[in-house]
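here is my input, please return the structure:
(one chain, ligands or ions: 2)
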Amino acid sequence: MKKQWYKDAVYYEVNVKAFQDSNDDGIGDFPGLTSRLDYLADLGVGCLWLMPMYPSPLKDGGYDISDYRDIHPDLGTLDDFKKFLAEAHARGIKVITDLVMNHTSDTHFWFQEALKGIDNPYHDYYVWSDNDKKYAGTRIIFIDTETSNWTFADSVGQYYWHRFFSHQPDLNYDNPKVQEEMLDIVRYWLDMGIDGFRVDAIPYLFEREGTSNENLPETHAFIKRIRKVMDAEYPQAMLLAEANQEPEALLDFFGDGDEFHMAYHFPLMPRMFMALKKKDVSPVIEVLNKTPAIPEGCQWMMFLRNHDELTLEIVSTEEQEYMLKTYAPENRMKSNLGIRRRLMPLLDGNQRANQMMNAMLFAMPGAPIIYYGDEIGMGENIHLNDRDGVRTPMQWDAGKNGGFSNAAAHNLILPVIGDPLYCPACVNVAHQEAVASSLLNFLKKLIQVRKGLKAFAYGTIEILDTGNVRVLAFVRRTADSVVICVFNVSAEAQWCLLSLSSYAGKKMRECFSGAGFPSVDGGSYTVMMEGYGWYYLETE
Ligand code: GLC
Ligand code: CA
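Residues are numbered from 1 along each chain as shown. Ligands and ions are numbered 1, 2, ... in the order given. Okay, here's the model as predicted:
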């Protein structure tokens, strides 16, 4: 069991623009985020993932980058960023940034040059075609807004390729210069001291006729190149893959331990929500059974929500329909193939269900990540555009603009949640810090408990038969520790009988409460739980 910081850490995704405004212009910024680092340290966060903070026209939340080497002026200066980084590190918090490798903004200098003519040296930085029939086997991702992966550029009389919005032209990785540029950008930020990257939209770097243009061998060859540079020059840094793919395809992104250190477990996420609604844990068991073993040194990133829609790209059509019917009853809740909602409203505001889902997430074989605001159960605003409804200002207190900014409300980057159930008067950090039974204090404790349970970060998983579809049980184990985890996904009391003959005679302790539980006498062990109850049982 080799200790690696990225396997152990609890992660936190932050949208800098919406976290804390320091200069009253209505936009969150790095000095603001720096002033909130004590909060994040106190919560127990080990690593922050920053959504893109680069100069950008912000037509896709900053995933449309116009300059890879600077900070968006609204968010501060490079010096502000460096100061933030030093302050985070001083508190033992690592920082990874979002790196959008697949595409740039159409306002990026490279694309502006490329538009000047086919002889321009930057023209070949992008993917062009004289017609829009090439690569016909490629799916469209943003189906709500795009009808083709090609858009015509008048100035050159050609079509350019884009997997996302038409203002996000895909870079041409067949051009060695593009590869070099990206490696230089990687070095630029790692030299500044960041701890790694969340690499956006990684399956789509290369295109080849007759394929789906996802997950191609050429893409993996380039990832190996990046990893080689990192291992040689920045051995402590971590690479995290955003690849919304099936479990078997995800395995490819770890390579032989020579590609990504981590990848989001996209297939698990919707199945946890499904299990809860169906009161049946089979979808979770199925996906865990399908999850391949990953190379030494690699780790899954486990999540419930993020800044995007709750994606349903990798569930069956039937499951998709079920999820939309149950979790997106209003049309405005739908987005592309997913659901644009926050965790707490998805769970009907049920704090006990929320706690159980987080407890399950934290016990899964991987490292958990919290999306900013979900630790206090923030709400959503489905009347905002695209995915903005889950990117609203952080709610710090019951004061003006939820303590996010002193600007006039109409000047805020996005409006603060106004829904009476979820507005800052009801949902805010200051209040939840003061109330012992709050969701925030629960998560703070859960993070501490997880830190003490090394089997969660490093152990194997073995699913136990519970004889009850409403109850999930599994064993997480390292050479010197065993934690038996049990979860009731229904609102009603449940019990199950676990076969624990290998632990006969062992004493049991429940780790979250610290309570002693009955010893494992014979082979079988009875567990009783209230609605949404759960236990982390450690053998002694
Ligand atoms: C990733 C990001 C998403 C963005 C897309 C295009 O999927 O998570 O927010 O819109 O890439 O850059
Ligand atoms: Ca500001």
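
burial count for H431?
18 (other CB atoms under 10 Å). Quick note: C-beta positions are derived from backbone N, CA and C, even for glycine.

doesn't it lie inside a helix?
Yes: when classified by DSSP: H, G, I helix; E, B strand; the rest coil, H431 is found to be part of a helix.

now the residue lying closest to it once chain neighbours are set aside: phi and psi?
Nearest non-adjacent residue to H431, counting by CB to CB, 6 or more residues apart in numbering: A398, 6.8 Å away. Note on A398: its backbone torsions stand at phi -90, psi 0 [degrees, to the nearest 10].

same thing with the one 10 residues further on?
Backbone torsions for A408, taken as degrees, to the nearest 10, come to phi -60, psi 140.

with T460 instead?
For T460, the backbone dihedrals (degrees, to the nearest 10) come out as phi -80, psi 170.

and what of L99?
Dihedral angles (degrees, to the nearest 10) for L99: phi -120, psi 110.

give the contact list for I370.
I370 is in contact with 10-13, 45, 443, counting by CB atoms under 8 Å, 6 or more residues apart in numbering.

contacts only, for the residue in the stretch 51-200 of the chain positioned nearest to ligand 1.
When scored by CB to the nearest ligand atom, the stretch 51-200 of the chain has Y63 as its residue closest to ligand 1, at 3.3 Å. With contact taken as CB under 8 Å, 6+ apart, Y63 is in contact with 52, 56, 98, 100, 164, 168, 200.

in three-state terms, label the closest residue to the second one other than its chain neighbours for me.
The spatially closest residue to S56, leaving aside those adjacent along the chain, is G62, at 4.7 Å (CB to CB, 6+ apart). Reducing the assignment to helix, strand or coil with three-state DSSP, the entry for G62 is coil.

G62 contacts H72, doesn't it?
Yes: between G62 and H72 there is a contact under CB atoms under 8 Å: 6.9 Å.

and those two? Which one has more around it.
G62 (25 against 22).

how much space between T34 and ligand 1?
For T34, the distance to ligand 1 equals 24 Å [CB to the nearest ligand atom, to the nearest Å].

how many other residues sit next to that residue?
Neighbour count of T34, defined by other CB under 10 Å: 20.

show me the contacts for the most centrally placed residue in the chain.
By CA atoms, centre = their mean, the chain has its centre lying nearest to N306, at 5.0 Å. Residues in contact with N306 (CB under 8 Å, 6+ apart) are 13, 369, 371.

among these, which lie within strands?
Within these, residues falling in strands by DSSP state E are 13, 369, 371.

residue in the stretch 51-200 of the chain with the shortest distance to ligand 2?
Relative to ligand 2, the nearest point of the stretch 51-200 of the chain is D74 (6.5 Å; CB to the ion).

SS state for that residue?
Under three-state DSSP, D74 falls in the helix class.

so where is the protein shaky, pLDDT-wise?
Applying pLDDT under 70 to the chain picks out residues 1.

what about the residue lying closest to S501 once chain neighbours are set aside, neighbour count?
Leaving aside its sequence neighbours, S501 sits nearest to G523 (CB to CB, 6+ apart; 3.6 Å). Neighbour count for G523, taken as other CB under 10 Å: 13.

of the ones in strands among the contacts of N306, which is the nearest to P247?
I369 (18.5 Å; CB to CB).

residues touching the closest one, list them.
I369 neighbours (CB under 8 Å, 6+ apart): 10-13, 49, 301-303, 306.

these, buried ones only, as a PyMOL selection?
Selection command for PyMOL covering only the buried members of the contacts of I369, criterion 16 or more other CB atoms under 10 Å:
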select buried, resi 10+11+12+13+49+301+302+303+306
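
quick one, helices of the stretch 401-540 of the chain?
429-434, 439-452, 454-458 (DSSP state H, counting those that start in this stretch).

try the stretch 251-400 of the chain
Secondary structure of the stretch 251-400 of the chain (DSSP H, counting those that start in this stretch): helices located at 268-278, 282-290, 317-327, 343-346, 351-363.

just checking, what packs against the second one?
Right, helix 282-290. helix 247-252, helix 268-278, strand 460-464, strand 471-478 (3 or more CB pairs under 8 Å, 6 or more residues apart in numbering; DSSP states H and E).

before we move on, what about the shortest one?
Here helix 343-346 touches helix 351-363, going by 3+ CB pairs under 8 Å, 6+ apart.

what comes up buried for the helix it packs on?
The neighbour-count check on helix 351-363 (16+ other CB under 10 Å) flags 353-363 as buried.

for ligand 2, what's the nearest residue on the stretch 201-350 of the chain?
For the stretch 201-350 of the chain, CB to the ion, closest residue to ligand 2: H307, 19.1 Å.

just the stretch 301-450 of the chain next, same as before
Per CB to the ion, S405 is where the stretch 301-450 of the chain lies closest to ligand 2, at 7.1 Å.

wouldn't that residue be in contact with D21 here?
Yes: contact criterion CB under 8 Å: S405 and D21 qualify, at 3.5 Å.

what sits in contact with each of the two?
Shared contacts of S405 and D21, counting by CB under 8 Å, 6+ apart, come down to 27-28.

contacting residues around S513?
With contacts defined as CB under 8 Å, 6+ apart, S513 has no neighbours.

the closest residue to the residue of the stretch 51-200 of the chain closest to ligand 2 other than its chain neighbours: neighbour count?
Setting aside the residues directly before and after it, D74 is nearest to I27 in space (CB to CB, 6+ apart), at 4.6 Å. Counted by other CB under 10 Å, the residues lying close to I27 total 25.

I27: what's it in contact with?
For I27, the contacting residues are 17, 21, 74-75, 405, 412-413, by CB under 8 Å, 6+ apart.

with distance to ligand 1 added, can I get those residues in TSV?
TSV is the format used below for the contacts of I27 (distance: CB to the nearest ligand atom, whole Å):
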residue	distance to ligand 1
K17	13
D21	22
D74	18
L75	17
S405	23
L412	20
I413	16
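
which one of those residues is nearest to V449?
Proximity of the contacts of I27 to V449, judged by CB to CB, is greatest for K17, which lies at 32.2 Å.

residues in contact with the closest residue to Q299 other than its chain neighbours?
Excluding its sequence neighbours, the residue lying closest to Q299 (CB to CB, 6+ apart) is K7, at 4.5 Å. Applying CB under 8 Å, 6+ apart to K7 gives the contacts 299, 367, 457-458.

out of those residues, what pair is the most spread apart?
Across the contacts of K7 (CB to CB), the longest gap, 10.5 Å, separates A367 and Y458.

the two: which is more packed in?
Neighbour count, other CB under 10 Å: between A367 and Y458, A367 has more, with 25 against 20.
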